[in-house]
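**Student:** Predicted structure and sequence below. I'll ask about it afterward.
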Amino acid sequence: GEMIVLLMSGGPGSGKGTQCEKIVAKYGYTHLSSGDLLRAEVASGSERGKQLQATMQKGELVPLDTVLEMIKEAMIAKADVSKGYLIDGYPREVKQGEEFEKKIGAPALLLYVDAKAETMVKRLMKRGETSGRADDNEETIKKRLDLYYKATEPVIAYYEKSGIVRKVSRNTDRNMLIQSNITSVLSLTP
Ligand SMILES: Nc1ccn([C@@H]2O[C@H](COP(=O)(O)OP(=O)(O)OP(=O)(O)O)[C@@H](O)[C@H]2O)c(=O)n1
Ligand SMILES: Nc1nc2c(ncn2[C@@H]2O[C@H](COP(=O)(O)OP(=O)(O)O)[C@@H](O)[C@H]2O)c(=O)[nH]1
Ligand SMILES: [Mg+2]
């Protein structure tokens, strides 16, 4: 049948990756982090990787077709073993969401991790001490946050229209919320 797709959205440092790990542990979905896919391409040393590195270093968005193609390839590579996909960090703007629906399909849920700006900055500055990422520095973090508020938050409103947004926020028990939402919406056995 149709493969389940969940989207994980939220600002840089909001905890998307951390929440994805919890969901994967509980439901066995295939976690595809768009940022990790891009960083793997950069690490490969390819010409395309060099272009991506320049963009990511500035905290800007890489070309839509590039990141969508990489996600699609990663989904196909896991199709025969996957229980469903948890896509982390994509879409980053409404157009990316529309293209995803055209080329791949409609998501079942958009999970949205809500965190305050100062919390995200503090976390990323701390992570930057050990992550070795070129974009975990104060200047780039600020650009990533600005981009998030300008381009990515509208994605939440876009999916609100189809009623599939579930917010994972600080003042709610995260595991309960995720469990109740996924179980109810996807009628998964707990
Ligand atoms: N659909 C996407 C996903 C990621 N990126 C680029 O990859 C970088 C890292 O993305 P990600 O790993 O998702 O990082 P953030 O969500 O910004 O935060 P965190 O690194 O903490 O996950 C982004 O800043 C952006 O430059 C992008 O252009 N388009
Ligand atoms: N204190 C605290 N730190 C968290 C929490 N969730 C994530 N972090 C930390 O914040 C940083 C960013 O988390 P990550 O999951 O990578 O966020 P992402 O950028 O949205 O993928 C990491 O160093 C995490 O360890 C949380 O609930 N509490
Ligand atoms: Mg992440």
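**Tutor:** Arrived safely. Because the structure is predicted, anything quoted here is derived from the model rather than measured. Ligands and ions are numbered 1, 2, ... in the order given.
**Student:** going forward, measure contacts between C-alpha atoms and count neighbours the same way
**Tutor:** OK.
**Student:** Tell me the residues of the chain that contact ligand 1?
**Tutor:** 11-13, 34-36, 56, 59-62, 67, 89-92, 144 (CA under 6 Å from any ligand atom).
**Student:** In ChimeraX, select just the buried ones from these.
**Tutor:** Buried residues among the residues of the chain next to ligand 1 (16 or more other CA atoms under 10 Å), as a ChimeraX selection:
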select :11,12,13,34,56,59,62,67,89,90,91,92,144
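**Student:** Near ligand 2, list only the ones from the residues of the chain next to ligand 1.
**Tutor:** Contacts with ligand 2 within the residues of the chain next to ligand 1, counted by CA under 6 Å from any ligand atom: 11-13.
**Student:** So which of the residues you listed belong to strands?
**Tutor:** Among those, no member falls in strands (criterion: DSSP state E).
**Student:** Put together a markdown table for those, with pLDDT on each row.
**Tutor:** Converted to a markdown table, those look like this (pLDDT from 0 to 100):
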| residue | pLDDT |
| --- | --- |
| 11 | 96 |
| 12 | 96 |
| 13 | 94 |
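**Student:** quick one: which of the residues you listed is nearest residue 168?
**Tutor:** Nearest to residue 168 among these: residue 11, at 12.3 Å, using CA to CA.
**Student:** and residue 110, what is it in contact with?
**Tutor:** Neighbour list for residue 110: 6-9, 156, 159, 164-166 [criterion: CA atoms under 8 Å, 6 or more residues apart in numbering].
**Student:** secondary structure class for it?
**Tutor:** strand (DSSP: H, G, I helix; E, B strand; the rest coil).
**Student:** what pairs with it across the strands?
**Tutor:** Bridge pairing for residue 110 (DSSP bridges) gives the partners residue 7, residue 165.
**Student:** Tell me how many other residues crowd the nearest residue to residue 138 once chain neighbours are set aside.
**Tutor:** Spatially, and ignoring its direct neighbours in sequence, residue 138 is nearest to residue 125 (6.8 Å; CA to CA, 6 or more residues apart in numbering). By the measure other CA atoms under 10 Å, the count of residues near residue 125 is 16.
**Student:** and residue 125, what does it touch?
**Tutor:** Taking CA under 8 Å, 6+ apart as the test, what residue 125 contacts is 136-138.
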